[in-house]
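Q: build the 3D model from these lines:
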Amino acid sequence: MARSKQLTGSLFVVMSSLGFAIVPTLGVNAYDRGSNAMGVMTPRFTLAALLLIAIRQIFARNEGWPTKRQAFTMFAIGVFGVTSVSLMYFIAIDSIDTSLAIVLWYGYPVLVLLIAWAVDGKRPTIRVLAPLAITFVGIAITAGQVSGGSGAAIALVVGSSVVFAIYLSILSRTSNNMGLLTGAMILNCGTATGYWLVSILPFKNLDPIFPSSSIVWLLIVTIAAFGTVVPFLCSLSALKRISAGSYSVLTTVEPVMHIFMGVIFLNELMTINRFIGALLVVVGLTIFTVLDSRSTGGH
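A: Numbers count the residues shown, from 1 in each chain. Alright, predicted model coming up:
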């Protein structure tokens, strides 16, 4: 039963990663047609929240509500966590290639492990830390491939990764205490609220530039449905079956998807150094996944 639960959770992670992987490619296409990160992300999460409200009302009307504290925590994760993570990342990919950004972003599994060590006392072993060292070498090589004028973009990607590691650790605890659709709905309502709050801040560079063409709106609807609602539901389904640490390392399939989509659909270059850096990241985290699953005995 434990192995079946682990396998099901792993499949949900892959499905979630595939959904999230399409978003940067579609987002960059929206940027090229005159929109910006705020103009894409604000309607994305607003539409996703409305879709989830409707889905819950139709398919999970009898699903119980969490306590006020649990609901507030999930809503706050959306307002502060998901909003910060997604906004920083999608501002960054307006300046650097998506295939580079996603590799840099994948330092977060180490942060999740450190948080688990600090909070739960789960001390990582040397054999677990060794493959993660390989991962960081790959990240360092990849960072060297980013143009000199992209320091701010690198900082945004790293900041996004750090915030994600923190909120993922909190989310894994909170999501277990509520129904799947209820949790996803509250989380996306919080994220939509976060984006609208950011849009009213007195900073010109955070003003949303909403789409002016039907093609871009179609891209955003696709992002909301297949790049947000579906992967969010898959993510929460996975976190009900596997730990945050296992979740974080199983998503190593995502950078591979991002890289292929960037090269194929955005004509991004794949140099030898980029390939080596990405390969080290994926190999390091894959080895870690195998070692971690053995050490936990499939739980």
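Q: residues contacting Asn36?
A: By C-beta atoms under 8 Å, 6 or more residues apart in numbering, the residues touching Asn36 are Asp94, Pro208, Ile209. From N, CA and C alone the C-beta is placed, and that goes for glycine too.
Q: go through those and flag which are in strands.
A: Cross-referencing the contacts of Asn36 against strands under DSSP state E gives no overlap.
Q: any chance of those residues in TSV, plus pLDDT and neighbour count?
A: Shown next, in TSV, are the contacts of Asn36 (pLDDT from 0 to 100; neighbours: other C-beta atoms under 10 Å):
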residue	pLDDT	neighbour count
Asp94	89	14
Pro208	96	18
Ile209	96	14
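Q: of those residues, which is the nearest to Ile272?
A: Lowest distance from Ile272 to the contacts of Asn36 (C-beta to C-beta) belongs to Asp94, with 25.9 Å.
Q: pLDDT below threshold where in the stretch 151-299 of the chain?
A: When residues are selected by pLDDT under 70, those of the stretch 151-299 of the chain lie in 289-290, 292-299.
Q: all helices for it, in order.
A: 151-174, 180-199, 214-224, 230-239, 244-250, 253-265, 272-295 (DSSP state H, counting those that start in this stretch).
Q: quickly compare these and say which is most buried.
A: With neighbours defined as mean count of other C-beta atoms under 10 Å, the helices of the stretch 151-299 of the chain peak in mean count at helix 244-250, which reaches a mean of 25.
Q: for it, which helices and strands make contact with it?
A: helix 2-32, helix 108-120, helix 151-174, helix 230-239, helix 272-295 (3 or more C-beta pairs under 8 Å, 6 or more residues apart in numbering; DSSP states H and E).
Q: run the angle between the last one and helix 108-120 for me.
A: The directions of helix 272-295 and helix 108-120 differ by 30 degrees, with axes from the mean of the first three to the mean of the last three C-alpha atoms, to 10 degrees as the criterion.
Q: what about helix 272-295, distance to the chain center?
A: Helix 272-295 sits 18 Å away from the centroid of its parent chain (C-alpha atoms, centre = their mean, to the nearest Å).
Q: can I get it in CSV? Just the C-alpha atoms.
A: Extracted as CSV, the C-alpha positions of helix 272-295 are listed here (Å, rounded to 0.1, in the frame of the first residue of the first chain):
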residue,chain,number,x,y,z
ILE,A,272,27.7,22.7,-24.5
ASN,A,273,28.0,24.5,-21.1
ARG,A,274,24.3,24.9,-20.8
PHE,A,275,23.8,21.2,-21.6
ILE,A,276,26.5,20.2,-19.0
GLY,A,277,25.0,22.4,-16.3
ALA,A,278,21.5,21.2,-16.9
LEU,A,279,22.6,17.6,-17.1
LEU,A,280,24.5,17.9,-13.7
VAL,A,281,21.4,19.4,-12.1
VAL,A,282,19.1,16.6,-13.4
VAL,A,283,21.6,13.8,-12.7
GLY,A,284,22.4,15.1,-9.2
LEU,A,285,18.7,15.4,-8.2
THR,A,286,17.8,12.0,-9.8
ILE,A,287,20.5,10.2,-7.8
PHE,A,288,19.2,12.0,-4.7
THR,A,289,15.6,10.9,-5.5
VAL,A,290,16.8,7.2,-5.6
LEU,A,291,18.8,7.5,-2.4
ASP,A,292,16.0,9.3,-0.6
SER,A,293,13.3,6.7,-1.6
ARG,A,294,15.6,3.9,-0.4
SER,A,295,16.3,5.6,3.0
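Q: contact partners for the closest residue to Arg33 other than its chain neighbours?
A: Among residues not flanking Arg33 along the chain, Val216 sits closest, at 5.0 Å (C-beta to C-beta, 6 or more residues apart in numbering). If you count contacts by C-beta under 8 Å, 6+ apart, Val216 has them with Asn29, Ala30, Arg33, Gly34, Ser35, Val40.
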